[in-house]
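Student: Give me the fold of what follows.
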Amino acid sequence: MTSVNPGTQPVVLAFDRQDDVKKFENTKLGVKGLVDSGVTQIPSIFHHPPENLVDTGNSAPDTGSGADPIPVIDLSGPTPEVVDQVRKAAGTYGFFQVINHGVPVSLLDRLVKAVKAFHELPAEERMKHYRRDMTTGVNYFSNVDLFVSKAASWRDTLQLRLGPIMADVDSIPDICRNEILEWDKEVKQLTEKLLGLFSQGLGVKADKLVEMSCSGGKVMVGHYYPYCPEPNKTVGIACHTDPGVLTVLLQDQVGGLQIKHQGNWVNFKPVHGALVINVGDLLQILSNDKYTSVEHRVYANPQHEPRVSIAVFCNPSKRDDLYGPLPEIVSPEEPAHYRQFTYSEFINSTLNYATNQCLDHNFLPNPIFPIPEIMTANTSSISSLSNYNRDKELQEFDNTKLGVKGLVDSGIIQIPRIFHHPPDTLFHLSNTDSSSEQDQTIPVIDLLSKQAEIVQSIRDASAKFGFFQVINRGISVCLLDRLLDRIKAFHELPPEQKIPHYRRDTTTCSSGGVGFYSNFDLFQSDAASWRDTLEIRLEQFDPKALPEVCR
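Tutor: Have a look, this model is predicted:
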């Protein structure tokens with residue numbers, strides 16, 4: 001057994017923001033707790049970059065009059081007229097309001113008051129409901145993406161699962177339980193009616209989208225936007241599109257919602273008794289871009305009167321069914337803009353895009369995720385890539401069977417566009433190598449120590465970092481050095497010797513559990529990464545399938 005001393009240059013991580021986020025989370029009182037404490041300056045974790053902030057002075061008002069207001073549709077009108085209005089609004093704005101929708105206005109008023117009353121309960125009462133897991137189907141929190149977003153938003157949320165399996169009724173706060181249960185019954189009927197109108201607007205049978213379970217999965221959120229003392233530094237909800245089929249939104253009269261229309265932000269004026277309907281990403285896909293899912297946001301509330309909104313996000317309940325442009329509306333003249341995919345795949349790709357599979361995000365749907373570009377099969381309004389054919393470039397790269405190393409060997413001086421990541425995901429070593437007092441050394445644990453000490457060290461490291469290094473672990477350092485050298489040697493083999501090992505599926509018998517590729521998620525990720533991989537399925541590989549150079 002070879003002994004190794006810990007290195008003299010420890011790896012460090014900066015934890016300032018994480019600490020502030022955890023302290024805020026541990027109060028279990030959300031943004032309302034900050035306001036109640038009398039803050040006059042918002043904490044830095046809520047500071048958004050200037051490009052994300054809302055300048056209400058530069059937003060076009062929607063006064064309900066003028067040449068092009070956001071539509072208000074009377075659902076009591078003749079069906080053909082209503083279908084035509086819905087089709088035009090969904091294709092032009094992606095948003096509209098409905099009146100005479102069948103839901104009693106008195107219930108809407110009571111629901112807003114009840115959700116507001118929950119958020120204004122005494123601190124000790126609200127804290128009992130504060131949780132992020134969805135074991136009961138009911139949770140109260142501030143910012144669903146608190147631990148993964150670059151900046152928190154100025155709002156709190158009460159969230160409930162309405163379908164396909166209703167949340168534990170006893171877990172719904174007493175103060176708003178009756179109103180929520182009434183609302184659930186009413187919104188079920190309304191969403192089915194809306195899906196019928198959307199279906200007819202596409203020229204398919206009225207029950208098409210209902211038969212596809214497009215509203216079987218429903219989640220309700222009751223957002224609370226308290227007064228913000230520095231609304232010029234944060235937002236209520238950042239710019240986003242809704243990932244599901246459709247959203248039904250009830251808002252009070254305070255206002256704050258804005259939608260993007262023809263490149264401009266438009267203030268969405270509330271209409272008492274009306275419900276806001278908007279197209280989700282999945283409905284845009286099902287409609288083959290005849291309906292549009294548009295960006296929207298909510299600015300931080302500058303008024304002392306809190307804003308309350310209640311949204312129901314409608315999604316398919318059958319996760320293994322295939323979704324894509326409806327076959328009835330696809331033709332040689334109007335080909336599909338998207339490929340077929342399961343809803344599970346859609347969910348996973350959406351989560352990967354937005355959170356890098358963060359463990360804290362374990363419930364769905366999240367109403368603030370953009371549509372994943374991986375669903376795009378060619379140029380469309382979603383990809384906004386004009387003449388750039390990403391799929392073609394991906395396929396051409398994969399067909400070389402030489403990976404990133406092949407690009408380097410070809411002498412390129414500019415990386416292909418498929419490898420371009422958005423600025424907010426980029427990082428450089430100089431930005432992470434800090435000597436701050438807050439920096440933490442990733443632990444190095446000696447496995448020759450006493451058992452009790454090792455157990456304690458592993459427990460502490462796992463809880464604090466989720467990472468640690470081990471020395472004196474019983475594996476020859478000589479072997480480790482040789483293994484690294486041999487893996488490197490494989491990747492540096494001549495092309496004709498690497499190509500026979502190039503494959504993406506290592507589960508087949510012919511693969512022997514061994515595969516060489518570049519980016520396992522090449523055809524799903526929004527941007528490829530600069531690396532190649534040799535994968536070996538240790539539980540079932542065939543030694544004969546291993547490359548000789550590292551066997």
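
Student: Skip ahead from the helix or strand hosting residue 247 and say which helix or strand is next.
Tutor: Under the criterion of DSSP states H and E, residue 247 resides in strand 246-251. Later in the chain than strand 246-251, the nearest helix or strand by DSSP H and E is strand 257-261.

Student: Which positions within that following strand qualify as buried?
Tutor: 257-261 (16 or more other Cβ atoms under 10 Å). Every C-beta, even on glycine, is put in place using the N, C-alpha and C of the backbone.

Student: and of those, the nearest to residue 459?
Tutor: residue 257 (46.8 Å; Cβ to Cβ).

Student: what's near enough to touch residue 416?
Tutor: 393, 397, 407 (Cβ atoms under 8 Å, 6 or more residues apart in numbering).

Student: shouldn't the first one be in contact with residue 418?
Tutor: Yes. Checked against Cβ atoms under 8 Å, the pair residue 393 and residue 418 is within contact range at 5.2 Å.

Student: who has more neighbours, these two?
Tutor: Set residue 393 next to residue 418 and count neighbours by other Cβ atoms under 10 Å: residue 418 wins out with 18 against 15.

Student: Phi and psi next, for the more buried one.
Tutor: Dihedral pair for residue 418: phi -60, psi -20, per degrees, to the nearest 10.

Student: Now do the contacts for it.
Tutor: 390, 393-394, 397, 527-528.

Student: ok, now with 6 Å
Tutor: Contact analysis of residue 418 by Cβ atoms under 6 Å, 6 or more residues apart in numbering lists 393-394, 528.

Student: Residue 486 too?
Tutor: Taking Cβ under 6 Å, 6+ apart, one finds residue 550 in contact with residue 486.

Student: I'd guess it is in a helix, am I close?
Tutor: Yes. Read with DSSP: H, G, I helix; E, B strand; the rest coil, residue 486 is one of the residues of a helix.

Student: Break the protein down into its structural domains.
Tutor: The chain breaks down by automatic domain parsing into domains covering 40-167+208-375, 403-550.

Student: among the ones you listed, which is the most enclosed?
Tutor: Ranked by mean neighbour count under mean count of other Cβ atoms under 10 Å, these are led by domain 40-167+208-375, which reaches a mean of 19.

Student: For that one, what does the pLDDT average out to?
Tutor: Mean pLDDT, domain 40-167+208-375: 87.

Student: buried residues in the helix of greatest length in the chain?
Tutor: Identified as the longest helix of the chain according to DSSP state H is helix 174-201. Using 16+ other Cβ under 10 Å as the test for burial, helix 174-201 gives 175-177, 179-180, 182-184, 186-188, 190-201.

Student: Residues touching the next helix or strand after that helix, excluding its own?
Tutor: Toward the C-terminus, helix 174-201 is succeeded by helix 208-211 as the next helix or strand (DSSP H and E). Residues outside helix 208-211 that contact it (Cβ under 6 Å, 6+ apart) are 192, 195, 199.

Student: can you confirm residue 266 is in a strand?
Tutor: Yes. Applying three-state DSSP, one finds residue 266 inside a strand.

Student: Pretty sure it sits against residue 259.
Tutor: Yes. The criterion here is Cβ atoms under 6 Å, and residue 266 meets it with residue 259 at 5.5 Å.

Student: could you pull out the helices for the stretch 451-551 of the chain?
Tutor: For the stretch 451-551 of the chain, the helices defined by DSSP state H, counting those that start in this stretch occupy 451-464, 477-491, 495-498.

Student: Please state the offset of the last one from the chain centre?
Tutor: If I follow you right, that is helix 495-498. Computed by Cα atoms, centre = their mean, to the nearest Å, the chain-centroid distance of helix 495-498 equals 39 Å.

Student: What lies in contact with it?
Tutor: Outside helix 495-498, the residues that reach it (Cβ under 6 Å, 6+ apart) are residue 402.

Student: C-alpha coordinates for it, PDB please?
Tutor: Output in PDB follows, covering the C-alpha atoms of helix 495-498 (Å, rounded to 0.1, in the frame of the first residue of the first chain):
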ATOM      1  CA  PRO A 495      -8.300   8.000 -36.300                       C
ATOM      2  CA  GLU A 496      -8.600   4.700 -38.100                       C
ATOM      3  CA  GLN A 497      -8.000   2.900 -34.800                       C
ATOM      4  CA  LYS A 498     -10.500   4.900 -32.800                       C
END
